[in-house]
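Enquirer: need a structure here:
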Amino acid sequence: MEARLTGISRRETLKYLGYSGGPLPEEVLEQLSAGEREILRRAVPRAIWRLFDRGPAGELVGTDFTPAGEDIREFLKDCDQVILMAATLGMEVEQLLRRTQARDMALAVILDAAASAAIENVCDNLCADLAETFAPRYLTERFSPGYGDLPISQQAELFRLLDIARRIGISLSESGLMVPQKSVTALIGVSDRPQIRRSRGCEACAMFADCAYRKGGTSCGKT
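Expert: Reported below is the predicted structural model:
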């Protein structure tokens, strides 16, 4: 299944910029368009996924991994299978962001927001492809380590089970943050029942105040 970046939502870019409405100066609109074009030019999206059966205690069958926390147990309660996924925009975007931060912070903020919107698009496209692949069964939304009470420390388990570093070139810091930073890992449940859609955005997250992703200037990619 090929990773696809099909566009950057201006609404998503503005959301990551904290835009609250009202007219935007022409100069800002030009900077947004230029920033989005540059991210589209630099991005080399990659993605992987793997399906596991879910055991009676919530464990992924055939592994020693059990997603921890009440939130993920509730989230997956109707699911007998779990997809682990990972996606990234690649190192060219990472290098662009670092270079720009060193010379022009205003532009760097715009590029960062556009890149966040871009990885959302890659993840949304992957989830759409997975939904088509698994139909007529139903998928949950994405649930990433660090969201709710699913420990960010369990990021390492996803890296191990998916062989993420070798397969798509994402490395993991001791604190659980990823490089390239515009990368996402997540769990997705598979069920015979339609799944409830959750509210979008970081503000709906129980970990909003203490989120390690948000403090690092990125997001877990949860939609």
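
Enquirer: what about dumping the CA coordinates of stretch 151-160 to CSV?
Expert: Extracted as CSV, the C-alpha positions of stretch 151-160 are listed here (Å, rounded to 0.1, in the frame of the first residue of the first chain):
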residue,chain,number,x,y,z
PRO,A,151,1.9,5.9,27.6
ILE,A,152,4.2,7.5,25.1
SER,A,153,6.8,5.0,26.4
GLN,A,154,4.9,2.4,24.4
GLN,A,155,6.0,4.1,21.2
ALA,A,156,9.0,1.8,21.4
GLU,A,157,6.8,-1.3,21.1
LEU,A,158,5.3,0.0,17.9
PHE,A,159,8.8,0.7,16.6
ARG,A,160,9.9,-2.9,17.5
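
Enquirer: How far off centre is it?
Expert: Between the centre of stretch 151-160 and the centre of its chain there are 14 Å (C-alpha atoms, centre = their mean, to the nearest Å).

Enquirer: same check, this time on stretch 175-194
Expert: The offset between the C-alpha centroid of stretch 175-194 and the centroid of the whole chain comes to 6 Å, using C-alpha atoms, centre = their mean.

Enquirer: mean confidence score for it?
Expert: Here the mean pLDDT over stretch 175-194 is 94, rounded to a whole number.

Enquirer: Now the terminal residues of it, how far apart.
Expert: In terms of C-alpha to C-alpha, to the nearest Å, the two terminal residues of stretch 175-194 are separated by 35 Å.

Enquirer: Can you get me a residue count around Arg64?
Expert: For residue 64 the amino acid is Asp, not Arg. Using other C-beta atoms under 10 Å as the criterion, Asp64 is surrounded by 9 other residues. For the C-beta atoms, the positions are set from N, CA and C on the backbone; glycine is no exception.

Enquirer: Does it lie in a helix or a strand, and which?
Expert: In this structure, Asp64 sits in neither a helix nor a strand according to DSSP states H and E.

Enquirer: just checking, what packs against the helix or strand Arg98 falls within?
Expert: Under DSSP H and E, the secondary-structure element containing Arg98 is helix 91-103. Contacts of helix 91-103 with other secondary structure elements, assessed using 3 or more C-beta pairs under 8 Å, 6 or more residues apart in numbering; DSSP states H and E, are made with helix 26-42, helix 105-134.

Enquirer: which of those is buried the deepest?
Expert: With neighbours defined by mean count of other C-beta atoms under 10 Å, none of the helices and strands packed on helix 91-103 is more surrounded on average than helix 105-134, at a mean of 20.

Enquirer: for that one, packing partners?
Expert: Taking 3+ C-beta pairs under 8 Å, 6+ apart as the contact cut, helix 105-134 packs with helix 10-16, helix 26-42, strand 46-53, strand 79-88, helix 91-103, strand 138-139, strand 183-191.

Enquirer: Just the angle for that helix relative to helix 26-42, thanks.
Expert: With axes from the mean of the first three to the mean of the last three C-alpha atoms, to 10 degrees as the criterion, the two stretches helix 105-134 and helix 26-42 enclose an angle of 50 degrees.

Enquirer: Throw the helices and strands packed on helix 105-134 into a markdown table and include distance to Ala165, thanks.
Expert: Listed next are these as a markdown table, based on distance: least, C-beta to C-beta, whole Å:
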| stretch | distance to Ala165 |
| --- | --- |
| helix 10-16 | 26 |
| helix 26-42 | 21 |
| strand 46-53 | 11 |
| strand 79-88 | 10 |
| helix 91-103 | 13 |
| strand 138-139 | 26 |
| strand 183-191 | 11 |
